[in-house]
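Chemist: Dropping a prediction and its sequence here:
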Amino acid sequence: MTVATALRLKVLGGVLLGLLVVITAFGLLWAPREEPAPSPPAPSAVIQSRPAEVPPASPAEPPAPAVSRSRGQTEWAFFFRPGDTLSRMADGAPLGVVARLERQHTFPDGSTGPAYVVRSADNQESAFDADELERRARIEAIRDIRIAPPRPPDAPATR
């Protein structure tokens, strides 16, 4: 056997061994894992003389409200701006127009934090927790911002 033939056989063997390792690794990683079957409950040695008391069924409780990330914060980056017309994301019902932003507002529960004051269509102002409103409202109409049209490049400079 020549040196070139021996080298080719070694390279071929290395490639085949590498492919075998890769195929085995893929087989182990993507093989469906079987969950062990739950074991049957062990028979109890003591027989209860009376059935276990079942608590009365309570009506379905609503999920706990999400904790506001803005309450107690002194620095809050407001998303909406005064003049934005807002509506609820869930059903599209109009909420009103953002009248002003308050960095520290005292809520009825005694907590403080940033708030949006929104003026509804009937001119009633309501304060909303900043985080809660940003999660549940969307902008229907953006405040009126006037942007000057672009000037042509050869226009004379104005003062």
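Modeler: Cool, the structure landed. Predicted model, so just to flag it, every value in this text is computed and none were measured.
Chemist: drop to CA atoms for contacts and neighbour counts, all remaining ones
Modeler: Fine.
Chemist: got the contact list for stretch 96-109?
Modeler: By CA atoms under 8 Å, 6 or more residues apart in numbering, the residues outside stretch 96-109 that reach it are 74-76, 78, 80-87, 112-121, 125.
Chemist: For that stretch, what does the pLDDT average out to?
Modeler: The predicted model assigns stretch 96-109 a mean pLDDT of 88.
Chemist: Partner strands of the helix or strand of the chain with the lowest mean pLDDT and their direction?
Modeler: Ranked by mean pLDDT, DSSP states H and E, the helix or strand of the chain with the weakest confidence is strand 137-141, at a mean of 84. Sheet pairing for strand 137-141, assigned by DSSP bridges, gives strand 85-88 (antiparallel).
Chemist: After the strand it pairs with, heading C-terminal, what element do we hit next?
Modeler: Following strand 85-88 in sequence order, the next helix or strand is strand 94-106 (DSSP states H and E).
Chemist: Name every strand pairing with that next one and say which way it goes.
Modeler: Paired strands of strand 94-106, with direction, are strand 85-88 (antiparallel), strand 112-119 (antiparallel) (DSSP bridges).
Chemist: Flag every buried residue along it.
Modeler: The neighbour-count check on strand 94-106 (16 or more other CA atoms under 10 Å) flags Pro94, Leu95, Gly96, Val97, Val98, Ala99, Arg100, Leu101, Glu102, Arg103, Gln104, His105 as buried.
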